[in-house]
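J.: fold the following for me, if possible:
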Amino acid sequence: MNRELTIVFNSYQSQHLLSNVIKKINKNYKILIIENSLQLSVKISLEKKFKNVEVVIPRTNLGLAKSYNLAIQKSRTKYVFLNNPDLEITNQSIKSLLECAKKIKKFGIIAPSYRSEKNFKNYEIFSKKKNKQVGVFKKFKIIEVDLIDNNFLVEKKTITKNPFDENYFLFFETFDFSKNLKKKNFKLYISKKIKFHHYGSSSIHPSFNNLVKKTRAFHYNWSKYYFLKKNYNYILAIKKIFPNFKKAIFGILINFLKLNFKKMYLGFLELLGIVTSILNLKSFYRPNN
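T.: The predicted model follows:
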């Protein structure tokens, strides 16, 4: 078993994707899965199928931030590669990320980039930076960025001292995490040559679509306001969340008139997420179905 890297997945009934991802990954890598559906059957199925896999069933649905902190705690390697299940990445890409991590001093995050960046990038650059053109920086076209989304490699000792903010349940926690590292002078890097494919919002089985919609309605709005207030200021947070507030109110009224009570309820959850966050209340909402 590789003693340098643990590959981590945060999951909620994602075995339909995880099986395909895991069977393509070198069996020498330890794979750790935090299964937030709390279903023992997922653990039994995946551990029986793959000898290099350990599935951890927590006592409650932890969300992403707590899941990643738990996985980092449990890992026994120098480096940890944090992922969602809805991705496609090659063994060569994993090997290349590890090579970069071993050769770059004091990095916070090193991540692959999307195979296609036409519609979406997994990073943000707010200011022009002078990128190095030597060694692994040149070999893998590594650039420094300001924020990084999910699917990235970190060093365990760095993260142990700078864990994910567990006030988040879902959404914005990876941006918050990378911004926190940036504040502490850790570098955030993206490789333009190391690629992965992200299927996007498909990590949960389609039978849980209603749960996904309700979870997103509340937590996206709660987390957006919390992230902006925490990392910028109250005025900016109010300004940026106001369009979401208007959308929620409009959705409630329109869908009430249409007698579409399912969509009306989603609007109510959006509004509840915003108000709860503004009042400094915890992100308490956990739908069951």
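J.: give me the residues contacting stretch 212-230.
T.: 165, 167-173, 175-176, 201, 204, 236-237, 240-241, 244, 248, 265-267, 269-274, 276-278, 283, 285, 287 (CB atoms under 8 Å, 6 or more residues apart in numbering). C-beta here means a position set from N, CA and C on the backbone, and glycine is covered the same way.
J.: buried residues in it?
T.: The neighbour-count check on stretch 212-230 (16 or more other CB atoms under 10 Å) flags 212, 214-230 as buried.
J.: and what of stretch 229-247?
T.: So stretch 229-247, judged by 16+ other CB under 10 Å, has buried residues 229-231, 237, 241, 244-245.
J.: now for these: which two are most distant?
T.: N231 and F245 (19.7 Å; CB to CB).
J.: and after the helix or strand encompassing K213, which helix or strand comes next?
T.: Take DSSP states H and E as the rule and K213 turns out to sit in helix 209-231. As assigned by DSSP H and E, the chain's next helix or strand after helix 209-231 is helix 234-257.
J.: the helix or strand just after that following helix relative to helix 234-257, how many degrees between them?
T.: Downstream of helix 234-257, the next assigned helix or strand under DSSP H and E is helix 261-278. Per axes from the mean of the first three to the mean of the last three CA atoms, to 10 degrees, the angle that helix 261-278 makes with helix 234-257 is 160 degrees.
J.: neighbouring contacts of helix 261-278?
T.: With CB under 8 Å, 6+ apart as the criterion, helix 261-278 contacts 213-214, 217-226, 229, 238, 241, 244-245, 247-252, 255-256, 282-285.
J.: and if you look at stretch 118-132?
T.: 111, 113-114, 137-138, 142-151, 188, 190, 198, 200.
J.: and if we set it to 6 Å?
T.: By CB atoms under 6 Å, 6 or more residues apart in numbering, the list of residues contacting stretch 118-132 from outside reads 114, 143-149, 190.
J.: okay, these in TSV with pLDDT and distance to T158 next?
T.: Formatted as TSV, the contacts of stretch 118-132 follow (pLDDT from 0 to 100; distance: CB to CB, whole Å):
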residue	pLDDT	distance to T158
Y114	92	24
I143	96	20
E144	96	16
V145	96	17
D146	96	18
L147	95	17
I148	96	14
D149	92	18
I190	97	17
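J.: could those go into TSV alongside secondary structure?
T.: Formatted as TSV, those follow (DSSP: H, G, I helix; E, B strand; the rest coil):
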residue	secondary structure
Y114	strand
I143	strand
E144	strand
V145	strand
D146	coil
L147	strand
I148	strand
D149	coil
I190	strand
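J.: quick one, helices of the stretch 51-200 of the chain?
T.: Using DSSP state H, counting those that start in this stretch, the helices found in the stretch 51-200 of the chain span residues 63-74, 91-103, 135-139, 156-161, 173-183.
J.: which one among the contacts of stretch 118-132 gets closest to N83?
T.: Looking across the contacts of stretch 118-132 and measuring by CB to CB, the closest to N83 is D149, at 11.5 Å.
J.: can you tell me the closest non-neighbouring residue to that closest one?
T.: Spatially, and ignoring its direct neighbours in sequence, D149 is nearest to N122 (4.3 Å; CB to CB, 6 or more residues apart in numbering).
J.: ditto for S116
T.: S116 sits nearest to H197 (CB to CB, 6+ apart), 7.9 Å away.
J.: wait, that neighbour sits on R115?
T.: Yes. Using CB atoms under 6 Å, H197 makes contact with R115 at a distance of 4.7 Å.
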